[in-house]
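model this:
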Amino acid sequence: MAAPDSSKPFSPAETQRILHHLQQPAVFLNMTCGWPVLHWTAEHLSDCLGDKLVRFRLGKKKEAHTATAYMRTLLSSPLFETQCSYVEAKLVHFLSWNRDQAGTDVGPFFKYPKSEYWAYADYKYIAILFQDQPSMFEHVKWSEFGFEGRNGRESTLWIGSEGANTPCHLDSYGYNLVLQVHGRKRWHLFPPEDTVNLYPTRIPYEESSVFSQVDVLNPDLRRFPAFQEARAHTVTLQPGQVLYVPRHWWHYVESVDPITVSVNSWIELEVDDVARVSEAVTKAVVSALKSAPSDDNTDDWLNPTEEGVASHNDNMQYVNMAVRASAQRQQGLCHSKLTQDPRDTRPVKRDSRGQIRTNSDLVRDSALFSVPFGPHLIPVCCQQEYSPETRGVTTKDLEVKSSRNCNAQTPDDCTANSDAATKTKLASAVNQGKCECSPGLTQYRPCDHADVASEKSSEDYEEPVHTTITTNDLLDCLVHPDIIDRVTKLLLERHTGGERTTMPS
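Predicted coordinates for the structure are as follows:
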């Protein structure tokens, strides 16, 4: 473990304990002071990469007004990675294009006017990007967060122009630590309990992520009325700050400055065997249906982050391996119960790092530890759920600047964001449904929306364009979480020889 740094508000061991107990998104301040990565401007990275080509994802900026209700429906749908354009370009080309200077070499960006498009170099593995410059890995010091030996080698780099965004999704297998290096990014987060309100979909398919069908900044409340019930937690991340995004928290991310640079470390948690079986079943069903040729089955359905389309045989082998692993684990647990000391009745549990912990350990630890929210750790939550008196931090604390020198890029580095005055599309989408939140945080309430449709003009009530059931409609039902959960249980019961459960008629 890294040696304690007295200049940081939390030691590596303390940070690990905080991460273990955090149940909501939170922003760490003053933890990255002195990290060389804070000098990674886009210009600096361009010098480091030279002529190396980087893949950029480009999306068209959405118009504020459109002529027809049909076009508004199209523009209120998320822009998934499968629908974007892609170019291989030098970082210097991106910089010239972003500056919009006439006569400069913008490489392959010349086809995409900056006034109409944004560009994003996302999911770039630092270990691959700088494989010939391994010293760059040491510029990121996740060891100071308690992850011994973890640095930039286990991180991804994200470089985007203003408006660049990631569709709203949740990550299945772990949580994220995100360091904002340069510029600002706005994060819109929704708790796992809001999953039903976000209309999850597996198209495009990505094993470790589930996407939302809702464009959270411009939602179509006629198509997705339950989104009115969603509770958004919004924070604008400043340079030097680190955001903790818990597992299964939905998030939509957008760049709000001309150029943003951030570093993301994805911490994979131990996934139970049933979840692995469920994912294997989902993959087999999606792959089988989307690989079948038909007139309505021509969309790009595999997310570019996936390696490729696996054969049905490969997918079924994956299902069998997951089921066998689950059965073997269950047999091992049964054997453990038979051979353990009969006086020890404590059930065996593991924490996020796989360490065995008993119920009494967990209860005692939780009772003795309180997450130290304050000037160095800011919860991303709504004011309704947040009491400064009980959390040990005042509203003023959320706005004060750090007293430490972080050697970052702007005067506001390592400060809590006071973005309460910002009027985002997310807040305006539900009009009166916004409640007052802590600085930088906004939330939806299920109120004042009794008749959203009443405000629509008559032209909005056009007949649906598509009334037939499509392959995607059928697939959304087949891979519904409740259906996949039921199929998983039936498979496990059959394979382990348990009693067969009769499906309801």
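
For Thr104, which non-adjacent residue is closest in space?
Spatial nearest neighbour of Thr104, excluding adjacent residues (C-beta to C-beta, 6 or more residues apart in numbering): Ser96 at 4.1 Å. Every C-beta, even on glycine, is put in place using the N, C-alpha and C of the backbone.

Restricting to C-alpha, output the host helix or strand of that neighbour in CSV.
Here Ser96, judged by DSSP states H and E, is contained in helix 91-99. Backbone C-alpha positions of helix 91-99 (Å, rounded to 0.1, in the frame of the first residue of the first chain) are rendered in CSV as follows:
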residue,chain,number,x,y,z
LEU,A,91,-4.7,14.8,-32.0
VAL,A,92,-3.3,17.9,-33.6
HIS,A,93,-6.0,17.6,-36.3
PHE,A,94,-8.6,17.5,-33.5
LEU,A,95,-7.1,20.6,-31.9
SER,A,96,-7.0,22.5,-35.2
TRP,A,97,-10.6,21.5,-36.0
ASN,A,98,-11.8,22.5,-32.5
ARG,A,99,-10.2,25.9,-32.8
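
what packs against that helix?
When contacts are defined as 3 or more C-beta pairs under 8 Å, 6 or more residues apart in numbering; DSSP states H and E, helix 91-99 packs onto helix 42-49, strand 54-60, strand 117-125, strand 156-161.

Check the spacing between Pro192 and Pro379 real quick.
16 Å (C-beta to C-beta, to the nearest Å).

higher neighbour count, these two?
Pro379 (23 against 11; other C-beta atoms under 10 Å).

Domain boundaries for this structure, per the record?
12-268, 273-351+465-496 (automatic domain parsing).

any chance of those domains in TSV, with distance to Gly374 and mean pLDDT too?
Listed next are the domains of the chain as TSV, based on distance: least, C-beta to C-beta, whole Å; pLDDT from 0 to 100:
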stretch	distance to Gly374	mean pLDDT
domain 12-268	10	94
domain 273-351+465-496	25	84
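
from those, which stretch is densest packed?
Mean neighbours per residue, mean count of other C-beta atoms under 10 Å, is largest over these for domain 12-268, with a mean of 19.

chain center to it: distance?
8 Å (C-alpha atoms, centre = their mean, to the nearest Å).

which residues touch the residue nearest to Thr104?
Thr104, Asp105, Val106, Phe109 (C-beta atoms under 8 Å, 6 or more residues apart in numbering).

Tell me the spacing between it and Phe109.
Taking C-beta to C-beta, one finds Ser96 at 8 Å from Phe109.

ok, Asn472 - contacts?
Residues in contact with Asn472 (C-beta under 8 Å, 6+ apart) are Ile203, Asp296, Asp299.

of these, closest to Glu270?
Ile203 (28.0 Å; C-beta to C-beta).

give me the element the closest one is part of.
strand 200-206.

Could you do Tyr175 as well?
strand 174-182.

ok, longest helix in this structure?
Counting residues, the longest helix found in the chain (DSSP state H) is helix 312-339.

so how far is that one from its chain's centroid?
With C-alpha atoms, centre = their mean, you get 29 Å for helix 312-339.

ok, now stretch 272-279?
That offset, for stretch 272-279, works out to 20 Å (C-alpha atoms, centre = their mean).

isn't Asn42 right up against Val261?
No, residue 42 isn't Asn; it's Ala. Yes - the criterion here is C-beta atoms under 8 Å, and Ala42 meets it with Val261 at 6.1 Å.

Spit out the residues that contact the two alike.
Counting by C-beta under 8 Å, 6+ apart, the contacts common to Ala42 and Val261 are Ile159, His182.

Can you get me a residue count around Ser370?
Using other C-beta under 10 Å, Ser370 is surrounded by 11 other residues.

how close does it sit to His233?
Ser370 is 21 Å from His233, by C-beta to C-beta.

Could you do Leu170 as well?
14 Å.

next one: Ala102
Ala102 is 42 Å from His233, by C-beta to C-beta.

Check Gln16 too.
24 Å.

now Ala288, what's its secondary structure?
helix (DSSP: H, G, I helix; E, B strand; the rest coil).

Contact partners for it?
By C-beta under 8 Å, 6+ apart, the neighbours of Ala288 are His312, Asn315.

can we see that at 10 Å?
His312, Asn315, Met316, Leu475, Leu478 (C-beta atoms under 10 Å, 6 or more residues apart in numbering).

Out of those residues, flag the one nearest to Leu237.
Looking across the contacts of Ala288 and measuring by C-beta to C-beta, the closest to Leu237 is Leu475, at 34.9 Å.

thinking that closest one is in contact with Val286, fair?
Yes - assessed by C-beta atoms under 10 Å, Leu475 is found in contact with Val286 at 6.5 Å.

Next, format the domains of the chain as CSV and append distance to Pro375.
Converted to CSV, the domains of the chain look like this (distance: least, C-beta to C-beta, whole Å):
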stretch, distance to Pro375
domain 12-268, 7
domain 273-351+465-496, 28
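
Now the phi/psi pair for His39, please.
phi -100, psi 10 (degrees, to the nearest 10).

same question but for Ser370, I mixed them up
Dihedral angles for Ser370 - degrees, to the nearest 10 - are phi -130, psi 130.

And for Arg186?
Taking degrees, to the nearest 10 as the convention, Arg186 sits at phi -100, psi 130.

Can you give me the first-to-last residue distance of stretch 135-151?
11 Å (C-alpha to C-alpha, to the nearest Å).

Check stretch 286-305 too.
16 Å.

returning to what we had before: relative to Ser135, which of the helices and strands packed on helix 91-99 is closest?
For Ser135, the closest of the helices and strands packed on helix 91-99 is helix 42-49, at 10.3 Å, according to C-beta to C-beta.

and the angle from the closest one to strand 156-161?
130 degrees (axes from the mean of the first three to the mean of the last three C-alpha atoms, to 10 degrees).

which helices and strands sit right next to helix 42-49?
On a contact count with 3 or more C-beta pairs under 10 Å, 6 or more residues apart in numbering; DSSP states H and E, helix 42-49 meets helix 91-99, helix 126-129, strand 156-161, strand 174-182, strand 259-268.

And these: which comes nearest Pro113?
Of the helices and strands packed on helix 42-49, nearest to Pro113 by C-beta to C-beta is helix 91-99, at 9.4 Å.

Now do that closest one against helix 42-49, angle only.
Going by the same axes, to 10 degrees, helix 91-99 makes 160 degrees with helix 42-49.

still on that earlier bit, mind giving me JSON lines with the helices and strands packed on helix 42-49 and columns for distance to Gln213?
What follows is these, written out as JSON lines (distance: least, C-beta to C-beta, whole Å):
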{"stretch": "helix 91-99", "distance to Gln213": "30"}
{"stretch": "helix 126-129", "distance to Gln213": "32"}
{"stretch": "strand 156-161", "distance to Gln213": "23"}
{"stretch": "strand 174-182", "distance to Gln213": "22"}
{"stretch": "strand 259-268", "distance to Gln213": "24"}
